[in-house]
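Novice: Give me the fold of what follows.
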Amino acid sequence: MNDLLQNSSLLNWDVLEERNASLAPPWEVEPVPVFINPWDVLLCVTGTLMSCENAVVIALIAYTPTLRAPMFVLIGSLAFADLLAGLGLILNFIITYIIDSGLVTLLSAGLLITAFSASVLNILAITVDRYLSLYNALTYHTERTMTFTYVTLIFMWIISAALGSLPVLGWNCLEDESTCSICRPVNKNNAAALAVSFLLVFALILQLYLQICKIAFRHAQQIAVQRQFMTASHASSTTKGVSTLTTILGTFAFCWIPLAMYSLVADTRSPVIYTYVTALPAICHSIINPMVYAFRNPEILRSLRIACCGCMPYSFSVRPRTPSDV
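Specialist: Presented below is the predicted three-dimensional model:
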């Protein structure tokens, strides 16, 4: 009997201890440690850098009256898409570690898909604009109107928004984790559609850049025939222009093709580290875009110098355009 009483008292004492622990004030309760993935921190920092860099480009184009040509509108649209992508990465980090909601997760994924799709489509539009500026050099400025540019941008953003709405409309894996792609909550079908669409866009951009190189060399040969010789400076400019186009295309392929190909063959059983390794270059391409399409442009660079130091050297302001600027 004594043993039974002792056992029951010990049991009651344990129950009282658990009850008192549950009633303990919040400052005495030990918080549960949360593991933060260093890769997610890196993506968040990258998104912050993307947002700041592209915000500068948008501000320069918006507050400079001379930057109103269709080319600058396309560059501004590209910067806005990359800005949304950076904000989407920051929002995704907050959702992952602070907010736990299925709908918010889908909206965040939709924002990232919309932003990166718009970024790729804007690069395609800029490539088409460069091709038309060489193919129809004499009539380009009269045929290329702002209305046509805005209609093109609206069409591209509608396509991007439609792709981004697919996870919200049901193309997600929240109910069945086995259908997830390498990027949750996007399912395999959605990821495959996005990868195939990107590869088609890349093939079109590649074809356009090949045509641009052919036109540039043909123009150089025509000038050489008219002048009976080709000056060293003009030949150097043409070679530099082709080299620049090759660098742009190579960077684009290096950053995006690994993620597109990996998303076609991989699934949730694949190591997560491979997803981060292939996704990080594609994300960093939005950091490279302002350097390639905005800060290399002499007009934007001039506006940046004026905004930073309020001065503009005469030699810089009268620098002639060369094929490498195209």
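Novice: What is the burial count for the closest residue in space to residue 84 that isn't next to it in sequence?
Specialist: For residue 84, ignoring the flanking residues on the chain, the nearest one in space by C-beta to C-beta, 6 or more residues apart in numbering is residue 115 at 3.9 Å. Yep, even glycine has a C-beta here, placed from its N, CA and C like the rest. Neighbour count for residue 115, taken as other C-beta atoms under 10 Å: 23.
Novice: Residue 115: which element?
Specialist: helix 102-135 (DSSP states H and E).
Novice: Can you give me the buried ones in that helix?
Specialist: 105-123, 125-127, 129-134 (16 or more other C-beta atoms under 10 Å).
Novice: do the same with stretch 281-301
Specialist: Judged by neighbour count (16+ other C-beta under 10 Å), stretch 281-301 contains these buried residues: 281-283, 285-290, 292-294, 297, 299-300.
Novice: Repeat that for stretch 261-279.
Specialist: Neighbour count says stretch 261-279 has 262-264, 266, 275-276, 278-279 buried, by 16+ other C-beta under 10 Å.
Novice: try stretch 164-175
Specialist: Buried-residue list, stretch 164-175, by 16+ other C-beta under 10 Å: 164, 166-167, 171-173.
Novice: Between the two ends of that stretch, how far is it?
Specialist: 19 Å (C-alpha to C-alpha, to the nearest Å).
Novice: Same question for stretch 54-71.
Specialist: 16 Å.
Novice: Give me the neighbour count for residue 68.
Specialist: Other residues close to residue 68 by other C-beta under 10 Å number 11.
Novice: So it, which state does it fall into?
Specialist: Three-state call for residue 68 (DSSP: H, G, I helix; E, B strand; the rest coil): coil.
Novice: Tell me who's in contact with it.
Specialist: residue 146 (C-beta atoms under 8 Å, 6 or more residues apart in numbering).
Novice: Show me what whichever helix or strand residue 94 is part of is packed against.
Specialist: Per DSSP H and E: residue 94 is located in helix 70-97. Applying 3 or more C-beta pairs under 8 Å, 6 or more residues apart in numbering; DSSP states H and E, we find helix 70-97 packed against helix 38-62, helix 102-135, helix 146-164, helix 272-289, helix 298-309.
Novice: Now do that helix: distance to the chain's middle.
Specialist: 7 Å (C-alpha atoms, centre = their mean, to the nearest Å).
Novice: okay, the residue nearest to residue 84: pLDDT?
Specialist: Residue 115 is assigned 95 on the pLDDT scale.
Novice: now it: how far from residue 38?
Specialist: 23 Å (C-beta to C-beta, to the nearest Å).
Novice: Kindly report the same for residue 49.
Specialist: For residue 49, the distance to residue 38 equals 16 Å [C-beta to C-beta].
Novice: Likewise for residue 276?
Specialist: Counting by C-beta to C-beta, the gap from residue 276 to residue 38 is 10 Å.
Novice: okay, now residue 151: neighbour count?
Specialist: When neighbours are defined as other C-beta under 10 Å, residue 151 has 11 of them.
Novice: Please apply the same query to residue 218.
Specialist: Residue 218 sits with 11 neighbouring residues when counted by other C-beta under 10 Å.
Novice: Quick check: buried residues in the helix or strand harbouring it?
Specialist: Residue 218 is part of helix 188-227 when elements are defined by DSSP H and E. For helix 188-227, a neighbour-count test (16+ other C-beta under 10 Å) marks 188, 190-192, 194-195, 197-198, 201-202, 205, 208-209, 212-213, 215-216, 220 as buried.
Novice: thinking again about what came up before, doesn't residue 81 make contact with the residue nearest to residue 84?
Specialist: Yes. At 5.4 Å, residue 115 counts as touching residue 81 under the criterion of C-beta atoms under 8 Å.
Novice: Between those two, which contacts overlap?
Specialist: With C-beta under 8 Å, 6+ apart, residue 115 and residue 81 have common neighbours residue 160.
Novice: I am finished for the moment; much appreciated.
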